[in-house]
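Colleague: Okay, predicted coordinates and the sequence, questions at the end:
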Amino acid sequence: MLLRRKFLKTVSATAVALSLGLGAAHASAAEITGAGSTWVYPLVAKWSQAYAQKTGIQVNYQSIGSGGGIKQIKAGTVAFGASDMPLKPEDLKASGLIQFPTAIAGEDIVYNLPGIAPGQLILSGPVVAKIYMGQIKKWNDPEIAALNKGLKLPDMAITVVHRSDGSGTTFTFANYLSKVSPEWKEKIGADTSINWPTGLGGKGNEGVAGFVKQIPGSIGYVEYAYILESKLSYARMYNRAGKLVSPSLKGFQAAAANVDFTKAKDFYVILTDQPGAESWPISGCTWQILRKSAPKETNEQVIKFFDWGFEHGQAQAESIAFGPLPPSTVKAIKAYWKTELGI
């Protein structure tokens, strides 16, 4: 993908600069390793490129899914793990971890339907749940048709695409469906990995986006930056207020306006299915996870990078529809770093 190619070029360019001695001032801490969320990958890629140019320090981030990021930070094989599913405070305490939010974003349903343009298809949470449970099998099913009066839906089988890896994007999607479908909540629930009743699995947001782009009749769920990058057709949806909305940074921020990160222990909040006429129903956040027992200099380098992002990277974040955290939240995060890590 374009972002990944640009990022890899930056990695190579930085490595060359360091080998030539141009980054000698930072050679003792020339790389920060991280892994996890594919949702946040586009943002980390942008921030990392600019940060390397400023400091000579490269962020080597593996886009492997939130489940993998949680496992790697627990194992101590990376300096930070990224997850779109926040860990509960009791789990953090038991594992000697801390977490803090990075940016607000959202995901949407994407589809590949000949003759139906982006934003033309309308869906609701309960209908999406039935599609992903294998109960609605064709695009011209009466329940989809009832939401799309006047739209000629094809008599075509639905190919369900979901994540094959442990994923915070899956957690956010499944958490939303658990709130709007009692049957989904009872039978499937929400986690980074779930037992899918049907469908084809793709690795990462990239894999799901790729399958949907290739397979006519397919449906999937991806983070909004991947919709913009891959030019995928996206659905409009009805939110909790009963309003028909399109995915947008404004909608993600409207959902986030309903919660106060500063009052949540370890910043544990969920942004799906929030009230408000403008709220996007599948909004979310991404968190960075650090080990308290890591060397202090390691945690310092990670914190310097994300602090730089909070202070200098917000225009880049907004350019790919990642919403900046409120100033009060950033202030609370900095106080949290000092309390939990002494940094």
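Modeller: Great, that's in hand.
Colleague: next helix or strand past the strand ranked longest in the chain?
Modeller: Assignment by DSSP state E gives strand 97-111 as the longest strand of the chain. With elements assigned by DSSP states H and E, the helix or strand that comes after strand 97-111 is strand 122-123.
Colleague: Let me see the ranges of the helices in the stretch 151-300 of the chain.
Modeller: 168-180, 182-187, 204-214, 224-230, 249-256, 296-312 (DSSP state H, counting those that start in this stretch).
Colleague: How are the helices of the stretch 1-150 of the chain distributed by residue range?
Modeller: 2-19, 41-55, 66-75, 89-95, 125-132, 142-147.
Colleague: Tell me which residue is most central in the chain.
Modeller: residue 39 (3.0 Å; Cα atoms, centre = their mean).
Colleague: any idea how far residue 206 is from that one?
Modeller: 11 Å (Cβ to Cβ, to the nearest Å). The C-beta positions use only the backbone N, C-alpha and C, and glycine is treated the same way.
Colleague: Same check on residue 65?
Modeller: 11 Å.
Colleague: Overlap of the contact sets of those two?
Modeller: residue 38 (Cβ atoms under 8 Å, 6 or more residues apart in numbering).
Colleague: So the two - more neighbours on which side?
Modeller: Between residue 65 and residue 206, counting by other Cβ atoms under 10 Å, residue 65 is the more crowded of the two (31 against 19).
Colleague: Can you pull the phi/psi pair for the more buried one?
Modeller: Note on residue 65: its backbone torsions stand at phi 100, psi 150 [degrees, to the nearest 10].
Colleague: Pull the contacting residues for it.
Modeller: Here residue 65 is in contact with 36, 37, 38, 163, 165, 166, 167, 168, 192, 203, 204 (Cβ under 8 Å, 6+ apart).
Colleague: so the third one makes contact with residue 223?
Modeller: By that I understand residue 38. Yes: using Cβ atoms under 8 Å, residue 38 is in contact with residue 223, at 7.5 Å.
Colleague: shared neighbours of those two, anything?
Modeller: Contacts common to residue 38 and residue 223, judged by Cβ under 8 Å, 6+ apart, are 169, 205.
Colleague: which of these two has more neighbours?
Modeller: residue 223 (33 against 30).
Colleague: beta partners of the more buried one?
Modeller: Counting by DSSP bridges, residue 223 is bridged to residue 107.
Colleague: Can you name the residues that contact it?
Modeller: Per Cβ under 8 Å, 6+ apart, neighbours of residue 223: 38, 39, 42, 105, 106, 107, 169, 205.
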